[in-house]
Structure formats: C-alpha cells, structure tokens
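> take this sequence and fold it.
(one chain, ligands or ions: 1)
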Amino acid sequence: MNILFAVPEATPFAKTGGLADVAGALPSALAERGHRVHLFLPLYREIQEQGLKLNEITTVTVPLGTTQVSGSIIKVSSGHPNLSISLIRQDDFFDRPFLYGPPEKEYPDNGIRFIFFCRAILEAVAALDLEIDIYHAHDWQTALIPVYLKTLYKDRPRYQGGSLFTIHNLGYQGIQDKKLMPITGLGWEEFTFERLEFFDRLNLLKGGLVYADALNTVSRAYSREILQAEFGFGLEPVLQQRRKDLYGILNGVDYQEWNPADDPFISNHFRLGRMTGKKSCKKKLTAAFNLPDKNRLPLIGMVSRLVTQKGFDLILPLLKKVNEFRAQFIFLGTGEPEIEEGLTSLAHQHPTQIAFRRGYDNRLAHLIEAGADIFLMPSHYEPCGLNQMYSLRYGTVPLVRAVGGLDDSITSFDRENLSGNGFKFSAYTTAALEEALNEALQLYQEPRLWNKLRQNGMRNDFSWSQSAVKYEELYEKIKKSVSK
Ligand code: ADP
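From the prediction side, this is the model:
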C-alpha cells in the first residue's frame, strides 16, 4: 500500500511528546513490512540546525484566503528504501525557536501555520506525482487533511485514497477564531455544529473526527473513555456518532532506542539476568541530580510534560509529606509555571529526598529510566503513555493510574501467583496514589518478590511490529470501504 503519514513532529527530527516517538517508529515498521510510506513534517528551525543534507525537490503554492503562500519540499534520507521523508519548508511559519510556541503559550498564528501545512502536503502529492491509498493524519495539526479530501479535493482523481485520523490527545483540539474559515478555503457551509463549528469557533480536530473514513486512538481503553463526558473534552457527542469507525491501537516501543543492553545514553548496560549495571545507573542518577546516594532507599523517577493531565495535583500534595516515605524522588520536565514552581520549592525544602530538573533532556530521560526503581505516572487521563512501557524494559516498575494506555499495558502485581508488572490505582485522589505508593515501597523491602515483578516487566514485549500489523489491517479495511 502507498501510505501518506502527516505529522507535526517525529523523532529524530523534532519532538515535544509521544506523537514524535510514534511518527519516528511506525512508518519504519510499515516500510519494513513492504509498504511505501511518505512521511511529511514541517522543516522547523531545530531540524535546520541538525546539519542534515537537505535536498529541495520541488515547490508548492498554497492559497491562504486571498493570498498565495509558497513552500518547498525538501527530502532527507530515511535509511529505508520504502520510506521517504519530506520536510515542508516555509521559513516564515516554521523557522522559529519552538514547534508550537514557548511552554504554555501557543504561537498566535498556529491555526494558519497548520492550515498551510495540510494544504501544502496535499499539493505536494500532485507535485511529487504520488498515488496514495491511505492518508494517515495525526492530531489537530493535520486534521484538515481528511476534511479537504472530502471537500476541496474530492473530485480530483488523484485524491481518491481513504483516510485515517489518529487522536493522540483529545485535550488539544486546535480551536481557532472563526475568522480563519476563509483562510482554510472551505465554504461557510462547513461551519456548522455537525461539522467544524464548536461554540462559535473553528475546531480543527473536530474536522478530522467528522470527515476521516476511520478514527483511532492510541489505546483500546482511551478509545472507550473518550465517549464519556469526563474524557471527551466536549467532543464526546461527535465521537459517539462515529463509534463504529473508532478503533484503539496501543502504541509500540522502539526497542532500538530504548534498550538497557546497549543504550548509548547510559554507561552501565544491563539486561535480564545481568542486572548489576542498573545499580551503577542508580548511583549515576542520584549524582546527576545532586541527591545523597542512599542505595537502599527506593528511587522514584518521573519524566513528563509538566501539565495537570499528568497528575501533578495528586503528586504535589503527596510530596508535601515526603518525610513520611522512605524513598527519594526525581523529576524531569518543563511545562506549567505553577507545577515547575511547586516542584522547585519542594526540592528546595527537602534536598535529600526530592530533586527536580527543569528542562527537556533526552539523555537524562534515558538515565532516569535506567537508574530509577519505580516510575510514576498517576495521570488524570493518558491516551497511551510511553514511559511506562520504556520503564518495563529497564526493570523500573511503573506505578500508574488505571486509565487509557496505562490501564492497557500495566497489570497489578499479585503476590499469590506472582503475576503482574506494576502497581495500579483507580480513584483520582492523593489518598489512592499514596496507598499504591506504600504498597510499592513495602514490596521493595522483599527482594525476592521485587525481582520477580521486575523480571515480569522486562519480559513484556510492546514492540512496534505488533501494532504495525494492526494499523495495516485497519488501512486494508479503509481501503476496501472507500473502493466500494
Ligand atoms: P505525552 O505525549 O503526553 O507527552 P507520552 O508518555 O506518550 O506522553 O510521551 C512522552 C515522551 O516524551 C516520552 O518519550 C518521554 O520520555 C518524553 N519526554 C517528556 N518530557 C521529557 C523531558 N523533559 N525530557 C526528555 N524527554 C521527555
């Protein structure tokens, strides 16, 4: 099949979250299975600074309201003959210090930037003479692609492929002022409650939900949760209407990048059966965060965007009484100022027990996975979550809330039959988190059981090859339904 993969971020080029990991791994897994995959991504400043060989292939011109904006299509090497990577260059839009804007402040023209991106991709399909079977769009930034396929481009023979829209996080919908409608090139007949209108504003994500041939989220549990008001962010009625076309496919892990046996970001490697390297990683981790080395105390780590979604309104109150727990805590992340300030002040008050590094640092993220004993993910909602699956491979036991992909990938340890790979709690309360933490700290004191729990997790296999097969099946289904 010929698959077009449209994403606003992808490793190793540009990343703010899990979508980039998916976009870095799934296209390769599909290419490996014999499909021809065309990945499209904006050429951000941080990609320009990577010293890649950028080959300009062609240019495209996109109407944005009454003006025409041109961009170039730049090819970079993908390392796989079936995978082509095209970067869309439009320096006024993408040559900026951030992908979407500084933390907690979106660029005011994000709507226009990504309307351009969607149109430019569709124009590139013609300019590059591509025949596409499946247009796979991801998140609000590319949600107009399925809309355009069913409106402005619907009568053009080249654009008869089917479309899949993947929701990586329903909390981000790309809601814009309705004055952007003319910029999209769509008629005002699209600005209705049944289509792109949302409380008198233009909701780009909603367009993807309404128009794509099929929809999916990144776990089974999340695909059901978003049908309810608690997790639907106001779009649950739309999702309920599309229920029969809504699927859930758990993300995979790129074990080439996340493997403690040869991870280039850690200097002491380890694997199942040879775990001494993990102890050295723990020492290096506490040293890197200026915590006293208390090897016997469990070390609890967290790498995360610092947003309420990730459960910080449970964590901060818990940390206030950190001296009741015999454990040390390490946090890495950036995000909402109140959370950053909360963690900074707690680390200041409890310098032997809590450490916080503000920032985005892939090397430290790997070291935390390798050196911590427990990985914390008490999310309010979690479409998939990747760190809990990375943790399993690194023998770091996930402690998670039973939502979304966390619920799908983690099972509570059972002392009786020694099954399970982590700790899980349900109620979104600090008390429930505390109870699960106490259970974990208690089990940590029983090395035989702890080792068994760790081994269970290290044996789990969440590789992309399995998820890629599920995507392939879904693509086939869409292809069949559109050719009817
Ligand atoms: P989300 O997409 O909601 O941010 P995921 O768990 O799906 O959450 O993916 C987050 C990804 O981003 C993981 O690969 C994680 O390691 C990485 N990440 C998040 N914050 C940081 C950070 N401060 N430094 C390095 N990596 C980070």
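> from Pro298, how far out is the residue of the stretch 351-484 of the chain at minimum distance from the ligand?
Proximity of the stretch 351-484 of the chain to the ligand (C-beta to the nearest ligand atom) peaks at Ala365, 3.7 Å away. C-beta coordinates here come from the backbone N, C-alpha and C atoms, glycine included. Using C-beta to C-beta, to the nearest Å, Ala365 is found at 19 Å from Pro298.
> okay, these two: which has more neighbours?
With neighbours defined as other C-beta atoms under 10 Å, Ala365 and Pro298 compare such that Pro298 has more, 22 against 19.
> just checking, the more buried one touches Phe375?
No - in this structure Pro298 lies outside contact range of Phe375 using C-beta atoms under 8 Å: 11.4 Å.
> state the number of residues packed around the closest residue to the ligand within the stretch 101-250 of the chain.
Closest approach of the stretch 101-250 of the chain to the ligand (C-beta to the nearest ligand atom) occurs at Asn169, with a separation of 6.0 Å. Counted by other C-beta under 10 Å, the residues lying close to Asn169 total 22.
> where does it land on pLDDT?
Per-residue confidence at Asn169 stands at 96 (pLDDT).
> contacting residues around whichever residue of the chain sits closest to the ligand?
Across the chain, no residue is closer to the ligand than Gly18, which sits at 2.3 Å (C-beta to the nearest ligand atom). Gly18 makes contacts with His168, Val218, Asn251, Pro383, Cys384, Gly385, Leu386, as judged by C-beta atoms under 8 Å, 6 or more residues apart in numbering.
> if we use 7 Å, what do you get?
Counting by C-beta atoms under 7 Å, 6 or more residues apart in numbering, Gly18 touches His168, Asn251, Cys384, Leu386.
> could you do Lys310 as well?
So Lys310 contacts Ser304, Ser379 (C-beta under 7 Å, 6+ apart).
> show me the chain divided up by domain.
According to automatic domain parsing, the chain comprises the domains 2-252+465-483, 276-461.
> next, format those domains as CSV and append distance to Ser267.
CSV is the format used below for the domains of the chain (distance: least, C-beta to C-beta, whole Å):
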stretch, distance to Ser267
domain 2-252+465-483, 21
domain 276-461, 7
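> among those, which comes closest to Trp258?
Among these, domain 276-461 comes nearest to Trp258, with 4.6 Å by C-beta to C-beta.
> centre of the chain to that closest one, how far?
Centroid separation between domain 276-461 and its chain, computed with C-alpha atoms, centre = their mean, to the nearest Å, is 19 Å.
> can you check the distance spanned by that domain, start to finish?
22 Å (C-alpha to C-alpha, to the nearest Å).
> and that domain, what's its mean pLDDT?
97.
> ok, back up a step: can you pull the contacts of the residue nearest to the residue of the stretch 351-484 of the chain closest to the ligand when sequence neighbours are not counted?
Nearest non-adjacent residue to Ala365, counting by C-beta to C-beta, 6 or more residues apart in numbering: Val303, 4.6 Å away. Val303 makes contact with Leu332, Gly333, Ala365, Ile368, Asn387 under the criterion C-beta under 7 Å, 6+ apart.
> what do you get if the cut-off is 10 Å, keeping everything else the same?
330-333, 357, 360-362, 364-369, 372, 375-377, 386-387, 390-391 (C-beta atoms under 10 Å, 6 or more residues apart in numbering).
> list buried residues within those.
Buried members of these, scored by 16 or more other C-beta atoms under 10 Å, are 330-333, 357, 360-361, 364-369, 372, 375-377, 386-387, 390-391.
> make sure Val76 is actually in contact with Leu43.
Yes - in this structure, Val76 is within contact of Leu43 by C-beta atoms under 10 Å, at 9.1 Å.
> so which of these two has more stuff around it?
Neighbours per residue (other C-beta under 10 Å) separate Val76 from Leu43, with Leu43 holding more: 25 against 19.
> beta partners for the closest residue to the more buried one other than its chain neighbours?
Spatial nearest neighbour of Leu43, chain neighbours left out: Leu87 (3.9 Å); criterion: C-beta to C-beta, 6+ apart. Note on Leu87: beta-bridge partners by DSSP bridges are Leu41, Ile74.
> any idea how many residues pack against Leu87?
Neighbourhood size, Leu87 [other C-beta under 10 Å]: 25.
> which residues does it contact?
Leu87 is in contact with 13-14, 39-44, 47-48, 52, 54-56, 71-76, 94, counting by C-beta under 10 Å, 6+ apart.
> please indicate which of those are buried?
13-14, 39-44, 47-48, 52, 71-76, 94.
> ranges for the helices of the stretch 151-300 of the chain?
Under the criterion DSSP state H, counting those that start in this stretch, the stretch 151-300 of the chain contains helices at 181-184, 204-211, 220-225, 229-232, 236-241, 276-288.
> quick one, which of those is nearest to Lys484?
When these are compared by C-beta to C-beta, helix 204-211 sits nearest Lys484, at 17.7 Å.
> how far out from the middle of the chain is the longest helix along the chain?
Of all segments of type helix in the chain, defined using DSSP state H, the longest is helix 464-483. In terms of C-alpha atoms, centre = their mean, the centre of helix 464-483 is set 20 Å apart from its chain centre.
> hmm, back to that, contacts only, for the residue lying closest to the residue of the stretch 101-250 of the chain closest to the ligand once chain neighbours are set aside.
Excluding the flanking residues, the one nearest Asn169 by C-beta to C-beta, 6+ apart is Pro383, at 5.3 Å. Contacts for Pro383 (C-beta under 10 Å, 6+ apart) come out as 18-19, 166-171, 217-219, 221-223, 225-226, 231, 248, 251, 309, 403-406.
> let's see it at 8 Å
By C-beta under 8 Å, 6+ apart, Pro383 lies in contact with Gly18, Ile167, His168, Asn169, Leu170, Thr217, Val218, Ser219, Tyr222, Gly404, Gly405.
> which parts of the stretch 101-250 of the chain sit against the ligand?
When proximity is defined as C-beta under 6 Å from any ligand atom, the stretch 101-250 of the chain approaches the ligand at Asn169.
> what of the stretch 251-400 of the chain?
Contact residues (C-beta under 6 Å from any ligand atom) of the stretch 251-400 of the chain with the ligand: 303-305, 332-334, 360-362, 365, 384-387.
> kindly reformat these as TSV containing secondary structure.
Shown next, in TSV, are these (DSSP: H, G, I helix; E, B strand; the rest coil):
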residue	secondary structure
Val303	strand
Ser304	coil
Arg305	coil
Leu332	strand
Gly333	strand
Thr334	coil
Tyr360	coil
Asp361	coil
Asn362	helix
Ala365	helix
Cys384	coil
Gly385	coil
Leu386	coil
Asn387	helix
